[in-house]
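[1] quick check, what structure comes out for this input:
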Amino acid sequence: MRGQHTDRLRAAFERNKAQPKAATPGPDYIARIDALTVAGRTNWFGLLGYLVFAFITVLSVEDADFFIANRQTQLPLVNISIPTLSFFLFAPILGAALYIYLHLHVRKVSEALVAPEPAPDGVTLERRIKPWLLNDLILRRHHPKAIDRRDLDRFSDMVTIALVWLAGPFVLGAIWTNSFVVHNFWLTSLAGLCFFGSILVGAISWRKMEQDTCAPIKLATLDTARMYARAVPLLILVLLYGALATKGFPLRPDYRTFFSNAPLIMPVRPFAVSPNLREAQLSTLPTDQADPIVARAKYRGDWCRRVGHPPLICGTLPSDRTEVPPFQRSDRLKWCADQSTPLDQDACETYFATKDTEFEREWRDFRGAQIKALPKPDMRNRDIRKADLYAASLTGVDFSGAQMEGADLSGAQMEGAVLWRAEMAGASLRGAQMAGAYLRGARMEGTDLSDARMEGANLSFSLLTGRQDAPTLLKSTALSASINDGGAEGRGFDRSHLRREDRFPKHLSRWQREGDRRLPGADGRPLSMAQGRAGRYRVLRPLARLVRGQTIPELF
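    Residues are numbered from 1 along each chain as shown. Down below sits the predicted model:
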């Protein structure tokens, strides 16, 4: 088949040689070439300007720009800011349109330039028409006598090929690959289609030029049908690559055993590009309010002055877990005795306990209002698998339903964050500040919670299973979370991954020895009340049977 096309091309070349040549190109012919040259150069310069503009913009985009609403992309030259997602949506479409339009014009230029031969007076066609690098390339490939030979001709040809044929696919490919971090299959597929379209149109344009000049290039021997047939695998490859880069393999590993014996061919959602959001400020409180302990101490001082308690009597209470020191209890008793209506010891302790409860309620309301008022990106149902969020500021951000498998949230500030039904299997929350976080229904198989601070966090009905050789939940973790409605706020290990001698009660006793066993959020109700709902969860069922009729304080 290839030999037939080669013979056909050779026959066309011989027919062109046998045709009578025009002695001197007429003025109408020169005028047509000049008109095509002017229009072609205008389109070419417009495309190059846009490609430079788009490429500079792509280089300036950071991964965080896709997720922070107030961080828009600053377009160079025009100084206009637009949402980053909007740029990646429209930039490849416009770039592909300009590229295709240029090459629709290139085919007309190549057809016009290959017709005449040099004039008898020795003046080459190059000198009769307006200059353009593409004209020189076509004339050199058609007939050496149609253009004067000069130094750096080959370099000129390479520059022309790079700027006319390769620059467009290069920039569109850069836009396509930079869209991977969004983990949006449709956005990436759109950019991939534009990238593929530029490659296909460029190849067809090159083949057309080679056929017009009758140059014996391999690509010129391909007919249109065969070229389209060979383009189909490339299209499938582009779409498949984009799907893997944004979604990874569809297989969902079991994260409870995955990290101990992971197959080499299937890492955590393999192949998916990891967004770099390291130390990103998605939502942050003012500097003087960023540290919850410092902010609480400041609010405590203001509150004490407001209720008329001296600082030494009121105390600081840096957290709701802090007990009143003995010397302060003694000072409080003296203060109660010196009042106009003296209070005995029991009444004094009741009075300050009531006041401390009032303070806790007011502090939670004040802090919650602060966090609620922060400008925050909408991260609900977003795909940020394997994202690097180390030390990121995520105060109060709503991650409801987000896919966060394998994400690194070590040291992140996540006070008041909402992680309702978030997919967090294999994520690292080591040292994360998650006071008041809402993790109800979150799937956290294999999640590392070492040294995480979770005072007041709601973990009800969340799935928490750690590796047997690395108990990341119970040790060195603040678990002062509420246990409500028989929920699973303390479900440390799934029984299916513990030895017979390591059932839940043994881990519970280890929690008592090594962990933080104070649960200020517990309401003190008997665990037998939770047995009905806990019976649906095999982890809680033995615990409910073990301590039936006992309250949390009695258990310890």
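
[2] Ala435 belongs to a helix, doesn't it?
    No. Counting by DSSP: H, G, I helix; E, B strand; the rest coil, Ala435 is located in no helix; its state is coil.

[3] enumerate every residue touching it.
    Pro292, Glu415, Gly416, Arg453, Met454, Glu455, Gly456, Ala457 (C-beta atoms under 8 Å, 6 or more residues apart in numbering). All C-beta atoms are positioned from the backbone trio N, CA, C, and that covers glycine.

[4] what mean pLDDT does stretch 406-415 have?
    For stretch 406-415, the mean pLDDT works out to 91.

[5] distance between the ends of it?
    Taking C-alpha to C-alpha, to the nearest Å, stretch 406-415 runs 20 Å from one end to the other.

[6] just to revisit the earlier point, in helices only, show me the contacts of Ala435.
    Pro292 (DSSP state H).

[7] closest one of the contacts of Ala435 to Pro92?
    Gly416 (38.2 Å; C-beta to C-beta).

[8] before we move on, the earlier item: closest to Arg361 out of the contacts of Ala435?
    Gly456 (12.3 Å).

[9] and the closest one, its phi and psi?
    phi 70, psi 10 (degrees, to the nearest 10).

[10] the nearest residue to it once chain neighbours are set aside: neighbouring residues, count only.
    Nearest non-adjacent residue to Gly456, counting by C-beta to C-beta, 6 or more residues apart in numbering: Gly436, 4.5 Å away. The tally of other residues near Gly436 (other C-beta atoms under 10 Å) stands at 21.

[11] list the contacts of Gly436.
    Contacts of Gly436 (C-beta under 8 Å, 6+ apart): Arg364, Arg367, Gly368, Glu415, Gly416, Glu455, Gly456, Ala457.

[12] mind checking which of the residues you listed are buried?
    Among the contacts of Gly436, those classed as buried by 16 or more other C-beta atoms under 10 Å are Arg367, Glu415, Gly416, Glu455, Gly456, Ala457.

[13] contact partners of stretch 325-345?
    Pro310, Leu312, Ile313, Gly315, Val324, Ala347, Cys348, Glu349, Tyr351, Phe352.

[14] and those residues, which is closest to Ala31?
    Gly315 (94.2 Å).

[15] check the gap between that closest one and Glu349 for me.
    13 Å (C-beta to C-beta, to the nearest Å).

[16] domain-wise, how is this structure divided?
    Domain ranges of the chain: 24-247, 275-284+376-466+475-484, 292-373, per the TED database.

[17] list the buried ones in the helix ranked longest in the chain?
    Longest helix of the chain, by residue count under DSSP H: helix 27-60. Using 16+ other C-beta under 10 Å as the test for burial, helix 27-60 gives 29-30, 33, 36-37, 40-41, 43-44, 47-48, 50-51, 53-55, 57-58.

[18] averaged pLDDT, that helix. What do you get?
    The model assigns helix 27-60 a mean pLDDT of 84.

[19] partners of the helix or strand just after that helix in the sheet?
    Once the chain leaves helix 27-60, the next helix or strand it forms, by DSSP states H and E, is strand 73-75. Under the criterion DSSP bridges, strand 73-75 sits next to strand 80-82 (antiparallel) in its sheet.

[20] now what about the strand it pairs with, what contacts it?
    By C-beta under 8 Å, 6+ apart, strand 80-82 touches Gln72, Thr73, Gln74, Leu75.

[21] also stretch 293-306?
    By C-beta under 8 Å, 6+ apart, stretch 293-306 touches 285, 288-289, 310-311, 314-319, 359, 362-363, 366-367.

[22] between Gly315 and Glu349, which is the more surrounded one?
    Neighbours of Gly315 and Glu349, each counted by other C-beta under 10 Å, are more numerous for Gly315; the result is 20 against 16.

[23] quick check: the more buried one touching Val324?
    Yes. With contact defined as C-beta atoms under 8 Å, Gly315 reaches Val324; the gap is 6.5 Å.

[24] helices of the stretch 251-400 of the chain, start to end?
    Using DSSP state H, counting those that start in this stretch, the helices of the stretch 251-400 of the chain run over 255-258, 287-290, 292-307, 311-314, 326-337, 345-373.

[25] helix, strand, or coil at Leu187?
    Note that with three-state DSSP, the state of Leu187 is helix.

[26] what sits against it?
    So Leu187 contacts Leu85, Phe88, Leu89, Ser179 (C-beta under 8 Å, 6+ apart).

[27] where helices are concerned, which of these count?
    Those of the contacts of Leu187 lying in helices (DSSP H): Leu85, Phe88, Leu89.

[28] out of the residues you listed, the closest to Gly411 would be?
    The closest of the ones in helices among the contacts of Leu187, once distances to Gly411 are taken by C-beta to C-beta, is Leu85, at 28.0 Å.

[29] neighbours of the closest residue to that closest one other than its chain neighbours, how many?
    Spatially, and ignoring its direct neighbours in sequence, Leu85 is nearest to Phe66 (6.4 Å; C-beta to C-beta, 6+ apart). Using other C-beta under 10 Å as the criterion, Phe66 is surrounded by 25 other residues.

[30] in contact with Phe66, which residues?
    So Phe66 contacts Thr84, Leu85, Val181, Val182, Pro275 (C-beta under 8 Å, 6+ apart).

[31] mind redoing it with 10 Å?
    Each residue near Phe66 by C-beta atoms under 10 Å, 6 or more residues apart in numbering is listed here: 73, 83-85, 88, 178-179, 181-184, 187, 275, 277, 377, 382, 384.

[32] and it, what pLDDT?
    88.

[33] that older thread, need the overlap of contacts for Gly315 and Val324.
    Asp331, Arg332, Phe352, Asp356.

[34] from Leu237, how far out is the last one?
    Just to be clear, that refers to Asp356. Distance from Asp356 to Leu237, by C-beta to C-beta: 65 Å.

[35] those two: who's more crowded?
    Set Asp356 next to Leu237 and count neighbours by other C-beta under 10 Å: Asp356 wins out with 15 against 12.

[36] could you give the number of residues near the closest residue to Phe185 other than its chain neighbours?
    Nearest residue to Phe185, sequence neighbours excluded (C-beta to C-beta, 6+ apart): Thr246, at 5.1 Å. Thr246 has 23 neighbouring residues, counting by other C-beta under 10 Å.

[37] and if you look at Asp338?
    Neighbour tally, Asp338, other C-beta under 10 Å: 9.

[38] next one: the one 5 residues further on
    Residue crowding around Leu343 was assessed by other C-beta under 10 Å; the count is 18.
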